[in-house]
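Trainee: quick one, structure for this:
(chains A and B)
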Amino acid sequence: MSAEHEPRRGSWYLLTGLLIGLALGLLMAWVVAPVEYVDTAPASLRPDFKDQYRSMIASAYLVTGDLGRAQSRLSLLGDVDPLQVLTLQAQSALAAGDPDGSAYALSRLADALKQFPVGTQSPTSLPQTPELVASLTPSPAGSATLTSTRRPTSLLTPIYTPTPRPTRTPTPTVGAAFVLVSQENVCDVNLSEGLLQVEIQDAAGQPIPGAEIIISWEDGEEHVFTGLKPELGNGYADFVMELNVGYSIQLASGSQLVTNLSAPPCQTDGGDSYRGGIRLLFQQP
Amino acid sequence: MSRWIKFFIVIALGLAAGLIYGWVISPVEYTNTTPDTLRADYRSDYVLMVAEVFHADQNVEQAARRLGMLGSEPPARIASQALDYARQANFPASDLALLQSLTAALQTWQPASGGVSP
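Mentor: As a prediction, the model looks like this:
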């Protein structure tokens, strides 16, 4: 009888030993002495740190105008759609009151990426050693100069070397005067009554998100921002005007003051009266 | 060979298999790391970004705050380490100049008073 049990006992104790060894090995590898990550890449950062990193990239882009470098840095974060992530972060920052002032920079970088999407440029293989990549960077005087730019080595995601932009993206500065390019009354029953629509563009005709608009009336004032309704355009903002109230409007960054704005009277096809709207377009000269 | 020896041999084999699986095939994945674990070149590039912005706005306090994301070390030391790395890695002269400028500003910056000492 004991001889019959010999083969079965043999296989079971070997299997038990193997399982005990495996368990000890995994315990050691995952708990006691796990792989230590001391040289991580930006792609592995916690989402809030990624947001800070992204804001820093946008701020640096805003002052250097070096889109190629900004794109390379964004690629380090491993976002599937960097443009969408930038736009969403800018919208979130605006909605939160833009506590760190990053919304404008994020929006500008997103706009630049729209004009020069990453996909339109040919990717290069990953450099394993420090590599100098030529790029154009604007000099303080505004003219383009050819300089060398160092890229981080051994990246997790491909680096793109886009065609650099020869000039800095124009950015509005405090006091720069936007001018009212067009003003028209709008009678459209599909829109909210008394809707004041404002569109803000830079000198190149590109929408400017995050621009602050001051709307004032006899006993009140309200500040609205462009870009909070991206489906209507990044440079778009609106405000509902009350009946028989005169409004004035001005951009916080500097523009002419537009006064005596009030909802125009409109009529439906059936002859019913309703408050129409006004559409304004401000642009940098 | 006695059963005990066989038993310990398979334990050793299992241990080895477990370590290979846990360290090589499926190691612990860190997906929510903090910036202080970033590799030196990434840290240096981040500091370079801060230096680029500092060059434009000359706001040393904001630069120090931004460098604070990289760890609890003094901002001047973080900038200095980035400058050292940039020199070793032969960063372009323009980038080195930006990093030098930031490092110099941070070394004379007094966080308590929030100003720059002479």
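Trainee: so for the most centrally placed residue in chain A, what's the pLDDT?
Mentor: Per C-alpha atoms, centre = their mean, the C-alpha nearest to the average position across chain A is that of residue A:86, at 2.3 Å. With respect to pLDDT, residue A:86 scores 91.
Trainee: same check on residue B:64?
Mentor: For residue B:64, the predicted pLDDT is 94.
Trainee: how deep is the closest residue to it other than its chain neighbours tucked in, by neighbour count?
Mentor: Leaving aside its chain neighbours, residue B:64 sits nearest to residue B:75 (4.1 Å; criterion: C-beta to C-beta, 6 or more residues apart in numbering or on different chains). In this view, the C-beta of every residue, glycine as well, is placed from N, C-alpha and C. Look at residue B:75: counted by other C-beta atoms under 10 Å in any protein chain shown, it has 26 neighbours.
Trainee: domain-wise, how is chain B divided?
Mentor: B:1-32, B:35-112 (automatic domain parsing).
Trainee: where exactly do the strands run in chain B?
Mentor: Using DSSP state E, the strands of chain B run over residues B:109-110, B:115-116.
Trainee: re the thing from before, tabulate the domains of chain B (CSV), appending distance to residue A:243.
Mentor: Converted to CSV, the domains of chain B look like this (distance: least, C-beta to C-beta, whole Å):
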stretch, distance to residue A:243
domain B:1-32, 53
domain B:35-112, 45
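Trainee: out of these, deepest packed?
Mentor: Mean neighbour counts were taken over those using mean count of other C-beta atoms under 10 Å in any protein chain shown, and the top value, a mean of 19, falls to domain B:35-112.
Trainee: so what's the residue nearest to the centre of chain A up against?
Mentor: A:54, A:58, A:74, A:106-107, A:109-110, A:113 (C-beta atoms under 8 Å, 6 or more residues apart in numbering or on different chains).
Trainee: hey, where'd the helices end up in the stretch 1-150 of chain A?
Mentor: Along the stretch 1-150 of chain A, counting by DSSP state H, counting those that start in this stretch, helices occupy A:2-27, A:47-64, A:67-76, A:82-95, A:103-115.
Trainee: buried residues, the last one. List them.
Mentor: Taking 16 or more other C-beta atoms under 10 Å in any protein chain shown as the neighbour-count basis, helix A:103-115 is seen to contain the buried residues A:103-113.
Trainee: need the residues you listed in TSV (columns: distance to chain B).
Mentor: Converted to TSV, those look like this (distance: C-beta to the nearest C-beta, whole Å):
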residue	distance to chain B
A:103	16
A:104	13
A:105	9
A:106	14
A:107	17
A:108	14
A:109	12
A:110	17
A:111	19
A:112	16
A:113	17
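Trainee: low-confidence ranges in the stretch 51-200 of chain A?
Mentor: A:117-176 (pLDDT under 70).
Trainee: swap in chain B?
Mentor: Short version for chain B, where the test is pLDDT under 70: B:1, B:28-30, B:112-118.
Trainee: so which residue is smack in the middle of it?
Mentor: residue B:38 (3.9 Å).
Trainee: name the nearest residue to it, sequence neighbours excluded.
Mentor: Nearest non-adjacent residue to residue B:38 (C-beta to C-beta, 6+ apart): residue A:40, at 5.7 Å.
Trainee: got the domain boundaries for chain A?
Mentor: A:1-36, A:44-160, A:179-283.
Trainee: quick check: end-to-end length of the last one?
Mentor: What that stands for is domain A:179-283. End-to-end distance for domain A:179-283: 5 Å, by C-alpha to C-alpha, to the nearest Å.
Trainee: swap in stretch A:239-248?
Mentor: 12 Å.
Trainee: quick one, phi/psi of residue A:268?
Mentor: phi -80, psi 170 (degrees, to the nearest 10).
Trainee: residues near it, how many?
Mentor: By the criterion of other C-beta under 10 Å, residue A:268 has 10 neighbours.
Trainee: so it makes contact with residue A:188?
Mentor: No - the pair residue A:268 / residue A:188 is not scored as a contact, 10.6 Å apart, by C-beta atoms under 8 Å.
Trainee: between those two, what contacts are shared?
Mentor: Common neighbours of residue A:268 and residue A:188 (C-beta under 8 Å, 6+ apart) do not exist.
Trainee: now the strand or helix carrying residue A:278: mean pLDDT?
Mentor: Per DSSP states H and E: residue A:278 is located in strand A:277-283. The pLDDT scores in strand A:277-283 average 91.
Trainee: neighbouring strands of that strand in the sheet, and parallel or not?
Mentor: strand A:179-186 (antiparallel), strand A:195-201 (parallel) (DSSP bridges).
Trainee: so which bits of the longest one are buried?
Mentor: If I follow you right, that is strand A:179-186. Counting neighbours, the buried set in strand A:179-186 is empty (16+ other C-beta under 10 Å).
Trainee: and the contacts of it?
Mentor: A:195, A:197, A:255-256, A:258, A:264, A:266, A:276-285.
Trainee: the same query, at a cut-off of 6 Å, please.
Mentor: With C-beta atoms under 6 Å, 6 or more residues apart in numbering or on different chains as the test, strand A:179-186 has contacts from A:256, A:258, A:264, A:276-283, A:285.
Trainee: that older thread, skipping adjacent residues, who's closest to the residue nearest to the centre of chain A in space?
Mentor: residue A:110 (4.1 Å).
Trainee: same question, residue A:30
Mentor: residue B:22 (5.1 Å).
Trainee: so the one you found is in contact with residue A:26, correct?
Mentor: Yes - here residue B:22 lies in contact with residue A:26, judged by C-beta atoms under 6 Å, at a distance of 5.1 Å.
Trainee: off-centre distance for the strand holding residue A:278?
Mentor: Mean-position distance between strand A:277-283 and its chain equals 25 Å (C-alpha atoms, centre = their mean, to the nearest Å).
Trainee: swap in stretch B:61-77?
Mentor: 12 Å.
Trainee: one more: stretch A:249-261?
Mentor: Using C-alpha atoms, centre = their mean, the offset of stretch A:249-261 from its chain centre is 27 Å.
Trainee: buried stuff in that stretch?
Mentor: Neighbour counts over stretch A:249-261 (16+ other C-beta under 10 Å) mark A:249-251, A:253, A:255, A:258, A:261 as buried.
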